[in-house]
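[1] Got a sequence here, can you build the structure:
(2 chains)
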Amino acid sequence: DAGVIQSPRHEVTEMGQEVTLRCKPISGHNSLFWYRQTMMRGLELLIYFNNNVPIDDSGMPEDRFSAKMPNASFSTLKIQPSEPRDSAVYFCASSPRDRGMNTEAFFGQGTRLTVV
Amino acid sequence: QKEVEQNSGPLSVPEGAIASLNCTYSDRGSQSFFWYRQYSGKSPELIMSIYSNGDKEDGRFTAQLNKASQYVSLLIRDSQPSDSATYLCAASTGGFKTIFGAGTRLFVKA
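    Numbers count the residues shown, from 1 in each chain, chains lettered A, B, ... in the order given. Below is the predicted model:
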């Protein structure tokens, strides 16, 4: 398996532009997570899905952020409009469920977003 | 109060020593606990998972869980310079949510 695949790896955009981050989870994993990592705040959980359904989006910082999972093999995180404070590394992770509990989350390589 | 708390470090140990990393969590409903290692510029990778009270050993790594004290620890024996990284503690409730601590930076001096 190729693991969790994220694209793009790097994104530089101007303030006010729309940014779309993409993620392909590991086949067979039924939980998907979007995290944001910064030096100041560490690894923050933004939103997570189970069986393509958003379970908790309370970590999404503002209405400018939205996420979708139209099918089991694809998810997007969109920021519109983007702001410099959104600059961070965004990770997607997927995880199987076993006996009703979360097991290991496998992380993608991340997307380094810079908003200028 | 943060849901998962760790000392940010840095923790510095000499090569060959035991490194001890600690973590506390606030949600008593947490059922699964994980230690991840993250090298600079890379993504987190799992080192250990633990689900029940007690110790779990895997090679040079031992994870310890005490649910009554809401405490998780990771011991690294015979520390190597290649162990220098940030170690992230994570806790997961039965409701899918996996929360990470801010991480502890470990430096192993040769």
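
[2] Buried residues of the helix or strand of chain B with the lowest mean pLDDT, list them for me.
    When each helix and strand of chain B is scored by mean pLDDT, DSSP states H and E, strand B:98-100 comes last, with a mean of 87. Residues B:98-100 are the ones in strand B:98-100 that count as buried (16 or more other C-beta atoms under 10 Å in any protein chain shown). Bear in mind the C-beta positions are built from the backbone N, C-alpha and C, glycine included.

[3] chain center to the helix or strand that comes right after that strand, what's the gap?
    Proceeding N to C from strand B:98-100, the next assigned helix or strand is strand B:104-109, under DSSP states H and E. A distance of 13 Å separates the C-alpha centroid of strand B:104-109 from that of its chain, computed with C-alpha atoms, centre = their mean, to the nearest Å.

[4] re earlier: just checking: which of the buried residues of strand B:98-100 also lie near chain A?
    Among the buried residues of strand B:98-100, proximity to chain A is found for B:98-100 (C-beta under 8 Å from any C-beta of the partner chain).

[5] ok, A:I47 to A:F91 distance?
    Using C-beta to C-beta, to the nearest Å, we find A:I47 at a distance of 12 Å from A:F91.

[6] go on, B:S52?
    Taken as C-beta to C-beta, the span from B:S52 to A:F91 is 28 Å.

[7] Counting neighbours, go ahead and name the busier of these two.
    Counting neighbours by other C-beta atoms under 10 Å in any protein chain shown for B:S52 and for A:F91 shows that A:F91 has the greater number, 24 against 9.

[8] What strand or helix carries residue 63?
    No chain specified, so I'll use chain A. Under DSSP H and E, no helix or strand contains A:D63.

[9] Oops, wrong one, chain B.
    Here B:A63 is assigned to strand B:61-66, by DSSP H and E.

[10] I'm done for today, thanks for sticking with me.
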